[in-house]
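Asker: Quick check, what structure comes out for this input:
(one chain, ligands or ions: 1)
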Amino acid sequence: MEAVAVAAAAEARERLRASFASGRTRPAAWRAAQLRGLLRMAAEMEAEICAALRADLAKPHTESYVHEISLVTSSCKFALKNLKKWMQPKKVPAGVLTFPSTTRVTPEPLGVVLIVSASNYPFYGLILQPPEAMKGGDRQAVLAVDPVIGAIAAGNTVVLKPSEIAPATSSLLADLLPRYVDSSCIKVVEGGIAETTALLEQKWDKIFYTGNSKVGRIVMSFAAKHLTPVVFELGGKCPVVVDSNVDLHVAAKRIAAGKWGCNNGQACISPDYVITTKSFAPKLLDSLKKVLDKFYGKDSLRSEDLSRIVNSNHFNRLKALMDEEMVSDKILFGGQSDEQQLKIAPTLFLDAPLDSAIMKEEIFGPLLPIITVDKIHESFALINSMTKPLAAYLFSKDSKLKRQFERNVSAGGMIFNDTGIHLTNQNLPFGGVGESGMGAYHGTFSFDAFTHRKAVLDRSFLGEAKARYPPYTRGKLKI
Ligand code: NAD
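Answerer: Below you'll find the model as predicted:
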């Protein structure tokens, strides 16, 4: 590890520790001022943010605005509205054994937190709608820089380490944040593995990591050294089950919007594979093809509405998944790619073998295998035979099937008859389970992720119980 990186990481941590110790971040007024700063940044810098996202991912402007910028706005507004309520100590009933006393749960900031983020939503957030609906001006909001908002609202000082794989957005964040928020308490440290490792060597009061589970294991090993609590927002293979009892056209549009309409499949909650019955598969395939033609035209590689693959490593990884011998002849739609532009067309596969890499690894790109089963209920066992996904989706009008899916399938989150949109609801926790992550955020859950709930008991000097004190005698117990 480079000594310079270690020294910079240690210095950043020390400066933020001193700021936290000064008590500066505790008042609601400071927290609200930072949140308002982020709101101003999102409003004033829309063009710059969209340009950075276009440079990093060729992300369409609508996606940048709807999936990233408006997320910041919505989340900041939600935090501002609820801040005072969240900060209030909560009275709880006092127990008989401690009579007379009062008891409460007091939220307190954790201290200095480290947020390590991923490249796919460098501002971060999603709302999944077909391009046609977005163009209609339906700009619903969710949020970005989301963990930072939770950390600030909870009164912590923060180091944010953006992903070096999205360099334009990383450098823009490093430039913008000090102009809009208190730089003595919120700092961006840029860099790759060396800088992240140097940061991880330091002692933090919480580490919030978004990324793949392989690096998650590395982060966990650093956290273990200092017994640092972690939130992990990881990925996995998100299944979409499509029953025959559906509105097929709407289902196909919503699957496409969640897959290719979000960074061309480079999203943690992107549909990773579809399960349907053998008899229904031809209809579903046909509908998906029609929707894809309508969204992106016959030559999707030239569509301005499709993001590119983030870098050549990921491009080559995805090409290898497509080109695997047992998979390449299962392509029924798409399959085109352009190495120079780092673009891969939406590609559908029918019945890729379950032991192929495309069915074993998280795809994180525009490839969508469709797996067929005889009966739709067989999908439960198939999903449960894999690691627990971040999200699971079922399209069906059958309420009994929905209830069975909810009871039998474990996933970070679940949606019936749509994809991805659960993360737009600030009242729902967003996070994984098992291999897809630990801990959750968004809305109140973001505040909770960066807060310690302190048990406080305030006792009167009255109410002495003799039996509590030695010498212990039977006589005292009778009293
Ligand atoms: P990435 O390559 O940008 O890496 C994420 C972070 O880890 C970066 O900040 C990077 O600097 C750091 N890092 C990488 N290698 C490291 C190492 N060896 N040691 C220390 N730090 C290291 O992003 P990625 O991991 O490719 O992101 C994609 C993954 O993230 C997918 O699995 C996706 O599903 C998941 N993801 C999850 C969420 C969520 O909210 N659950 C959101 C976005 C992405």
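Asker: Please identify the buried residues of the strand or helix carrying residue 253?
Answerer: For residue 253, the element it lies in under DSSP states H and E is helix 248-259. Using 16 or more other C-beta atoms under 10 Å as the test for burial, helix 248-259 gives 248, 251, 252, 253, 254, 255, 256, 257, 258, 259. The way it works is simple: take the backbone N, C-alpha and C, and place the C-beta from them, glycine included.
Asker: what residues are up against the nearest residue to the third one once chain neighbours are set aside?
Answerer: Distances taken as C-beta to C-beta, 6 or more residues apart in numbering place residue 287 nearest to residue 252, at 3.9 Å, with adjacent residues excluded. Applying C-beta atoms under 8 Å, 6 or more residues apart in numbering, we find residue 287 in contact with 248, 249, 251, 252.
Asker: ok, now how distant is residue 287 from residue 281?
Answerer: 11 Å (C-beta to C-beta, to the nearest Å).
Asker: Wasn't residue 50 part of a helix?
Answerer: Yes: Residue 50 forms part of a helix when assessed by DSSP: H, G, I helix; E, B strand; the rest coil.
Asker: number of nearby residues for it?
Answerer: Look at residue 50: counted by other C-beta atoms under 10 Å, it has 20 neighbours.
Asker: Check residue 457 too.
Answerer: 12.
Asker: Show me what it is bridged to.
Answerer: Following DSSP bridges, residue 457 is listed with bridge partners residue 103.
Asker: wait, doesn't it sit right on residue 101?
Answerer: Yes: contact status for residue 457 versus residue 101: in contact at 5.5 Å, counting by C-beta atoms under 8 Å.
Asker: shared neighbours, these two?
Answerer: residue 94.
Asker: Buried residues, the strand or helix carrying residue 53. List them.
Answerer: Here residue 53 sits within helix 46-57, counting by DSSP H and E. Within helix 46-57, the residues that qualify as buried by neighbour count (16+ other C-beta under 10 Å) are 49, 50, 51, 52, 53, 54, 56, 57.
Asker: That helix - contacts with which helices or strands?
Answerer: On a contact count with 3 or more C-beta pairs under 8 Å, 6 or more residues apart in numbering; DSSP states H and E, helix 46-57 meets helix 167-180.
Asker: ok, residues contacting the helix it packs on?
Answerer: 37-38, 40-41, 45, 48-49, 51-53, 55-56, 122-123, 145, 160, 162-164, 183, 186-188, 190.
Asker: burial count for residue 229?
Answerer: Residues near residue 229, counting by other C-beta under 10 Å: 17.
Asker: Which residue ranges make up the domains of the chain?
Answerer: 1-234+449-454, 239-426 (the TED database).
Asker: Residue numbers of the stretch 201-350 of the chain in contact with the ligand?
Answerer: The stretch 201-350 of the chain has residues 210, 211, 212, 215, 218, 233, 234, 235, 268 near the ligand, with proximity defined as C-beta under 6 Å from any ligand atom.
Asker: any idea how far the ligand is from residue 164?
Answerer: The gap separating residue 164 from the ligand is 5 Å, by C-beta to the nearest ligand atom, to the nearest Å.
Asker: wouldn't residue 205 be in contact with residue 156 here?
Answerer: Yes: with contact defined as C-beta under 8 Å, residue 205 counts as touching residue 156 (7.3 Å).
Asker: what about the strands in the stretch 351-479 of the chain?
Answerer: Here the stretch 351-479 of the chain has its strands, by DSSP state E, counting those that start in this stretch, at 367-373, 391-395, 413-416, 437-438, 451-459.
Asker: Can you tell me which of these is most buried?
Answerer: strand 391-395 (a mean of 26; mean count of other C-beta atoms under 10 Å).
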